[in-house]
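In: Here is a sequence together with a model predicted from it:
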Amino acid sequence: MPILTDPLTLATGSVLQNRFALAPLTNQQSHDDGTASEHDLHWFEQLAGGGYSMLTTAAANVQTNGKSFAGQLGIYDDRHIPGLSAMAEIAHRHRTLASVQLHHGGMFARQELIGSEALVGPSDNEETGARALTLPEVEQLRDDFITGAGRAQRAGFDGVELHGAFGFILSAFLSPQTNRRTDLYGKNPEGRSRLLREIIQGIRAGCGPDFHIGLRLALSGQDPHLPELRDLVAVFLERGLVDYLDLVVRSLDTRVEGGLHTGEVLVDLFTDLPRGTTVVGVSGDVMSAAGAQRALDHGSDFVFVASGAVVHHDFPQRALADHAYETPRPPLPASFFRDQGRSPAFVNYLEESLGFVQAQ
C-alpha cells in the first residue's frame with residue numbers, strides 16, 4: 001500500500017515527488033480578457049511552496065463562448081501565454097510539475113460573460129437554452145482543445161488536464177442524458193466518447209509523448225448512467241489513453257444508490273479496475289492527513305487536494321509533518337482567508353459560491 005511520501009512516476013517519465021497534487025480550483029481572479037493576474041501568480045507562488053508534487057491551474061477556457069466564471073483564466077488566444085508562462089516558471093522553480101486544466105462550459109457557460117454568442121452543447125437543451133453544435137463546430141471545438149494544449153506546452157507546462165466533469169461540454173458529450181446526437185459523435189458509448197478520444201489523440205500527436213494528459217471525471221452514486229461511465233474508464237485504463245485520471249467524489253464513503261452496484265462504495269468501483277500505465281488520483285472531501293491516506297487505502301495512486309488547499313495552501317507540508325493534522329472546517333471568517341493572502345475576488349467567490357465564509 002503506498003504512503004503519502006512515496007514518489008510516483010507517470011507514463012511520460014515525469015515524477016511526482018509525493019502523493020499530493022493540487023486539484024484545479026476556481027478562484028475568479030484572472031483579468032477579464034482571461035490573462036493571468038498578479039493574484040493568480042501570488043496564489044501559485046503560495047501553492048508551489050506548499051509541498052504539492054503537481055499544481056493544476058483553475059479551469060482555462062478554450063473558446064470565448066465557453067466562459068463559465070467571472071475572472072476565468074483563458075487559453076484561447078496567444079496573448080494568454082505570457083501569464084501562463086509565469087505560472088509554469090513559479091511551479092518549476094519549486095520543483096513542482098505544472099498542468100493546465102482545459103475547459104469549455106458548454107451549456108453551463110454564462111450568457112452574461114459570452115455576450116451575443118450562443119450557449120452550445122452536444123444537443124439542444126430546453127432547460128439551459130443551449131443549441132446543438134453543428135458537425136463543423138464539433139470539429140472546431142476538438143481542434144481548439146488541441147490548440148489549447150499546444151499553448152500550454154509553449155508556456156512551459158508539463159501537461160494538461162481535460163475537464164470532463166460537472167456537465168461541462170466534454171461530460172455533456174459523454175452522457176446519454178445530454179447527448180442525443182445521431183451522427184458519429186453520438187448514438188452509442190463509442191460515439192459519445194469520440195470527441196474526447198479525438199482530442200486526446202490530437203494532443204498526443206501535437207505535443208509528443210513526454211507531455212502528460214489527465215482527465216477529470218465526476219462520480220455520483222445517484223448517476224443512472226454510472227455503468228457506462230465505468231465501462232469508459234475501464235477502456236481508458238486498459239489502453240492507457242491518458243496518463244492520469246482525476247476522479248471527483250463527494251466523499252470516500254459515498255455509496256451507489258440504485259442499479260447494478262447498489263450499496264457498493266463508489267470510488268472503489270473505479271479504483272478496483274485493472275490499470276496499465278495510467279495512474280488514478282482521487283479528489284474528494286480530503287481535509288486531513290488521515291483523509292489523504294484513506295484515499296490511497298481506497299486504491300488511488302495519489303490525492304488531489306481541493307477544499308483543504310483553499311483553507312491551508314500548504315496542506316501537504318502540514319499533513320506530512322503531522323499525521324494528526326486536520327484543517328479547520330468551513331465556513332470560516334473572511335479575515336481567515338484574507339490574512340492568508342487570498343485576493344478579494346477569491347474571497348468573494350468562496351463566500352457567494354462555496355459557502356466557505358461565515359455570515360457577518
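Out: Perfect, thanks for sending it. Numbering: from 1, shown residues only.
In: So which residues of the stretch 1-150 of the chain form helices?
Out: Using DSSP state H, counting those that start in this stretch, the helices found in the stretch 1-150 of the chain span residues 38-48, 81-93, 111-114, 135-154.
In: contacting residues around the second one?
Out: The reference is to helix 81-93. The contact list for helix 81-93 (Cβ atoms under 8 Å, 6 or more residues apart in numbering) reads 35-37, 40-41, 44-45, 48, 55, 57, 60, 75, 97-98, 100, 151-152, 154-158. C-beta coordinates here come from the backbone N, C-alpha and C atoms, glycine included.
In: rewinding a little: make TSV out of the helices of the stretch 1-150 of the chain and add mean pLDDT.
Out: Shown next, in TSV, are the helices of the stretch 1-150 of the chain (pLDDT from 0 to 100):
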stretch	mean pLDDT
helix 38-48	98
helix 81-93	99
helix 111-114	98
helix 135-154	99
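In: for those helices, which one sits closest to Leu247?
Out: For Leu247, the closest of those is helix 135-154, at 20.3 Å, according to Cβ to Cβ.
In: Tell me what angle the closest one forms with helix 81-93.
Out: Angle, helix 135-154 to helix 81-93, by axes from the mean of the first three to the mean of the last three Cα atoms, to 10 degrees: 50 degrees.
In: mean confidence for the following helix or strand past helix 135-154?
Out: Next in sequence after helix 135-154, counting helices and strands by DSSP states H and E, comes strand 159-163. Per-residue pLDDT values over strand 159-163 give a mean of 99.
In: Sheet partners, orientation included, of strand 159-163?
Out: Sheet pairing for strand 159-163, assigned by DSSP bridges, gives strand 97-103 (parallel), strand 212-218 (parallel).
In: And it, how far out from the chain middle?
Out: Its chain's C-alpha centre and that of strand 159-163 lie 7 Å apart, by Cα atoms, centre = their mean, to the nearest Å.
In: Same list (the helices of the stretch 1-150 of the chain) but as TSV, adding distance to Phe69.
Out: Converted to TSV, the helices of the stretch 1-150 of the chain look like this (distance: least, Cβ to Cβ, whole Å):
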stretch	distance to Phe69
helix 38-48	13
helix 81-93	17
helix 111-114	8
helix 135-154	17
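In: With distance to Glu126 and mean neighbour count added, can I get those in CSV?
Out: Putting the helices of the stretch 1-150 of the chain into CSV (distance: least, Cβ to Cβ, whole Å; neighbours: other Cβ atoms under 10 Å) gives the following:
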stretch, distance to Glu126, mean neighbour count
helix 38-48, 37, 20
helix 81-93, 37, 19
helix 111-114, 15, 15
helix 135-154, 20, 19
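In: Of the ones you listed, which is nearest Gly191?
Out: Nearest to Gly191, of all these, is helix 135-154, at 11.3 Å by Cβ to Cβ.
In: Now do the closest one: which elements does it pack against?
Out: Under the contact criterion of 3 or more Cβ pairs under 8 Å, 6 or more residues apart in numbering; DSSP states H and E, helix 135-154 touches helix 81-93, strand 97-103, strand 159-163, helix 194-207.
In: How about residues contacting it?
Out: For helix 135-154, using Cβ under 8 Å, 6+ apart, the contacting residues are 60, 62-63, 75-76, 78, 80-81, 84, 99-100, 102, 104, 120, 133, 159-160, 162, 169, 183, 185, 195, 198-199, 202-203, 206-207, 211, 213.
In: Export only the CA atoms of that helix, formatted as PDB.
Out: Listed in PDB are the C-alpha atoms of helix 135-154, where the atom choice follows Å, rounded to 0.1, in the frame of the first residue of the first chain:
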ATOM      1  CA  LEU A 135     -20.600  18.900 -37.100                       C
ATOM      2  CA  PRO A 136     -18.100  21.600 -38.200                       C
ATOM      3  CA  GLU A 137     -18.500  23.300 -34.800                       C
ATOM      4  CA  VAL A 138     -17.700  20.000 -33.000                       C
ATOM      5  CA  GLU A 139     -14.600  19.600 -35.100                       C
ATOM      6  CA  GLN A 140     -13.600  23.200 -34.300                       C
ATOM      7  CA  LEU A 141     -14.100  22.500 -30.600                       C
ATOM      8  CA  ARG A 142     -11.900  19.500 -30.900                       C
ATOM      9  CA  ASP A 143      -9.200  21.500 -32.600                       C
ATOM     10  CA  ASP A 144      -9.400  24.300 -30.100                       C
ATOM     11  CA  PHE A 145      -8.900  21.900 -27.200                       C
ATOM     12  CA  ILE A 146      -5.800  20.600 -29.000                       C
ATOM     13  CA  THR A 147      -4.600  24.100 -29.800                       C
ATOM     14  CA  GLY A 148      -5.100  25.000 -26.100                       C
ATOM     15  CA  ALA A 149      -2.800  22.100 -25.100                       C
ATOM     16  CA  GLY A 150      -0.200  23.400 -27.600                       C
ATOM     17  CA  ARG A 151      -0.300  26.800 -25.900                       C
ATOM     18  CA  ALA A 152       0.100  25.200 -22.500                       C
ATOM     19  CA  GLN A 153       3.200  23.400 -23.800                       C
ATOM     20  CA  ARG A 154       4.600  26.600 -25.300                       C
END
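In: related to what we said a few turns ago, export the helices and strands packed on helix 135-154 to a markdown table and append columns for distance to Ala292.
Out: Formatted as a markdown table, the helices and strands packed on helix 135-154 follow (distance: least, Cβ to Cβ, whole Å):
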| stretch | distance to Ala292 |
| --- | --- |
| helix 81-93 | 20 |
| strand 97-103 | 18 |
| strand 159-163 | 19 |
| helix 194-207 | 28 |
